[in-house]
Structures are given as structure tokens and as C-alpha cells.
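**Student:** this is the structure alone, sequence omitted:
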């Protein structure tokens, strides 16, 4: 594959030295022999610094991934939104078009849907989504695509379809047997932490999915597994969303 000029890609986020994306794309570029492709972390403390990042790297930037906490905040700085990203209200992929537009996409939905679908059974009709950030919106969209009703769990519920952690009862957990952790609780190095749900009511009918991939089995997943639940971490989702980002960046 012939390369004529440097092409820069990166991850936009806050405190992201741990980033999956940088290592993933570095290895990908090496495998494909793309010596002029580079992937870096754009670690900014506020979304107000985003225009400076663009200005500084304008000649080379071709694509960006977006992570916590900017998946929603970045939208104000984009020229266009893909229809799925618009419906979800969160962006995790930006394409820098030939016309100079910044177009937002959501590849989290593809990654999550394709990684959870093989684990869904007929009795999985309702899901609890722990957390209300940008990723949780993509998760909700994907679950609804699969005819699964969702309810958000938040420390401070502020919408009709939300409940607090203290409202979680045995009855609710019996009804909602898919539980997706979209919070950062349990991420390395604070691996002992986990969402405050009544794990004693988890059964073998439950499917617990954690967007976290480091550690491989979070405390949330381990506690579910101890009660017979099926568990799945977020590593495959990250791989799938990264590949979908790469496809978007390379399509004409």
C-alpha cells in the first residue's frame, strides 16, 4: 500500500495513558506496513482544548476515537453527525473528511451489539444499564435493536427511565436479567471496586456484561459468575469498534 504523506489518528480523552486504542492501532499499522500512519493520545483536561488539538495537527489528522468523558461534549465541535450517532446522542469516532468537515460516528454500538448478541437467550427480555454516560447510550440503542427493554441505574436518577442503586430489589433483578456495567468502577488499578448492586439475587439466568477489559474479570463479573451467571468483558467490543472506526476512516 503506497503512502504519500503522513496520516495521524488518535484518541481524545482525559487521563488516558492506559488506552487500548493506541496499542491496538500501533500494532495494526506495523502489520499493514503503514510506516507513515501514526496513532497518539490527545489527553486534554477540558473539551475547550479540542479546537487547539485540531489546529495544531490539521494537516495530518484523518481520524479520532473519543473516550470518557467527551463522547457527548465533543458533538458541539463537529460539523456533521452520522444518523446513528445522532439518534444515540454520543460520538466515539470522528472522521476528518476531504472537504474539511469533522463528522461524528458511533462505533460503540456496532462493537457492543456484535459482542453481546451470541450470549443473548430467549429469556433475556430486559436489561439494567449501570451508568448514564456516553457509552451507556450506545448500549441502550443496541439492546433496543434486539427487542430488549432497558432501564438505567444511576446514583442520581434524573429521568423517567432511571432508578437508583438503592431501589434494586430481588423482584427487579429477577425481571431484569441482563446487567451491563457502563461505569468505570473496577478498572485497574482499583480492581476491588464494583457497582453497588445486590449480587445475592443474581442467578444462572443472568447475563453480566462489563465494558471494562482490564482486569479481564472485574469484581462485578466475578460476583456474578459465583452465582452462576454468564459473564462477558469489554475486550471484544473494543476490538470490534476499533475495526469499525478503521473502516469508516478509510471509506471514500
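**Tutor:** Arrived safely. Since we're looking at a predicted model, the values are computed, not measured. Residues are numbered from 1 along each chain as shown.

**Student:** which residues of the stretch 101-250 of the chain fall in strands?
**Tutor:** 102-105, 126-130, 149-153, 162-163, 178-181, 207-210, 230-232 (DSSP state E, counting those that start in this stretch).

**Student:** just how off-centre is the second one within its chain?
**Tutor:** The chain centroid and the centroid of strand 126-130 are separated by 15 Å under CA atoms, centre = their mean, to the nearest Å.

**Student:** could you do the last one as well?
**Tutor:** Mean C-alpha position of strand 230-232 versus that of the full chain (CA atoms, centre = their mean) differs by 17 Å.

**Student:** how far off centre is the longest helix along the chain?
**Tutor:** If you go by DSSP state H, the chain has its longest helix at helix 235-250. Relative to the centre of its chain, helix 235-250 is centred 11 Å away, using CA atoms, centre = their mean.

**Student:** and for stretch 151-161?
**Tutor:** With CA atoms, centre = their mean as the basis, stretch 151-161 stands 19 Å off its chain's centre.

**Student:** count of neighbours near residue 111?
**Tutor:** Close neighbours of residue 111, defined as other CB atoms under 10 Å, add up to 25. For glycine as for every other residue, the C-beta is placed from the backbone atoms N, C-alpha and C.

**Student:** and if you look at residue 6?
**Tutor:** Neighbours around residue 6, by other CB under 10 Å: 12.

**Student:** also residue 150?
**Tutor:** Other residues near residue 150 come to 19 when the count uses other CB under 10 Å.

**Student:** on contacts alone, who are the packing partners of the host helix or strand of residue 56?
**Tutor:** In this structure, residue 56 sits in helix 50-57 according to DSSP states H and E. When contacts are defined as 3 or more CB pairs under 8 Å, 6 or more residues apart in numbering; DSSP states H and E, helix 50-57 packs onto strand 7-13.

**Student:** direction included, what does the strand it packs on pair against?
**Tutor:** strand 37-43 (parallel), strand 61-66 (parallel) (DSSP bridges).

**Student:** which of these sits most buried?
**Tutor:** For these, the largest average neighbour count (mean count of other CB atoms under 10 Å) is found in strand 61-66, namely a mean of 24.

**Student:** and residue 35, what helix or strand is that in?
**Tutor:** Short version: residue 35 belongs to no helix or strand, going by DSSP H and E.
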